[in-house]
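In: Please find the sequence and the predicted model below.
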Amino acid sequence: MPLAEGDAVASHLWQLEIEGVSIAQFKEVSGISSEIGVIEHRENKAKGVSVLKRLPGLVSSGNVTLKRGKTDDKTLWQWFKQVEDGDVAGARKNGSVVLYDYGHGEIARYNFVNAWPSKVSLGALAAGSNDVLVEECTLVHEGLSLA
């Protein structure tokens, strides 16, 4: 069912794709952001009048953070090991975060390029806890765009 005009997108209708393959069972993805830096340029005009111009600077994108319940899947850790072993070129992968409407029709795709894991970690281990153990991975990349 497509979104009705003016309806917001639900935050639970998404998937992660790496190299065109859907990667299932992530509980959270964050860091989908781009920012344009600001260059402040000051000039003096006639009679010493100070003028401030703000110009667009370099574009930068945030790191993408993935969180999922820990399973026996070692893919993220193996990907990290590939970078650690020096195979950065082989580790770079393109991916997308895809948003869906209620009928599971695609409504937005955020593509990132040349991503590689800069950090992998496990959540806290606690003897008395009933929580699922969470695995986290931070991906750095070279650009983000809305397709």
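Out: Thanks, I have it.

In: quick one, phi psi at the residue of the chain positioned farthest from its centre?
Out: What lies farthest from the middle of the chain is residue 47; by Cα atoms, centre = their mean that is 49.2 Å. Note on residue 47: its backbone torsions stand at phi 60, psi 20 [degrees, to the nearest 10].

In: contacting residues around it?
Out: Contact analysis of residue 47 by Cβ atoms under 8 Å, 6 or more residues apart in numbering lists nothing. For the C-beta atoms, the positions are set from N, CA and C on the backbone; glycine is no exception.

In: Quick check: bridge partners of the residue most central in space within the chain?
Out: Central residue of the chain (Cα atoms, centre = their mean): residue 64, 2.6 Å from the mean position. Here residue 64 sits in beta bridges with residue 139, going by DSSP bridges.

In: confidence score at it?
Out: Here the pLDDT value assigned to residue 64 is 96.

In: Wait, it touches residue 28, no?
Out: No - in this structure, residue 64 is not within contact of residue 28 by Cβ atoms under 8 Å, at 10.9 Å.

In: Contacts for stretch 100-119 next, please.
Out: 1-3, 9-10, 13-15, 18, 32, 61, 63-64, 76, 79-80, 83, 88, 91-99, 136-147.

In: if you set the cut-off to 6 Å instead, what comes out?
Out: Residues outside stretch 100-119 that contact it (Cβ atoms under 6 Å, 6 or more residues apart in numbering): 1-3, 13, 32, 79-80, 83, 91-99, 137-147.

In: Need the buried ones from those selected in ChimeraX.
Out: Typed into ChimeraX, the line below selects the buried ones among those, using 16 or more other Cβ atoms under 10 Å:
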select :32,79,80,83,91,93,94,95,96,97,98,99,137,138,139,140,141,144
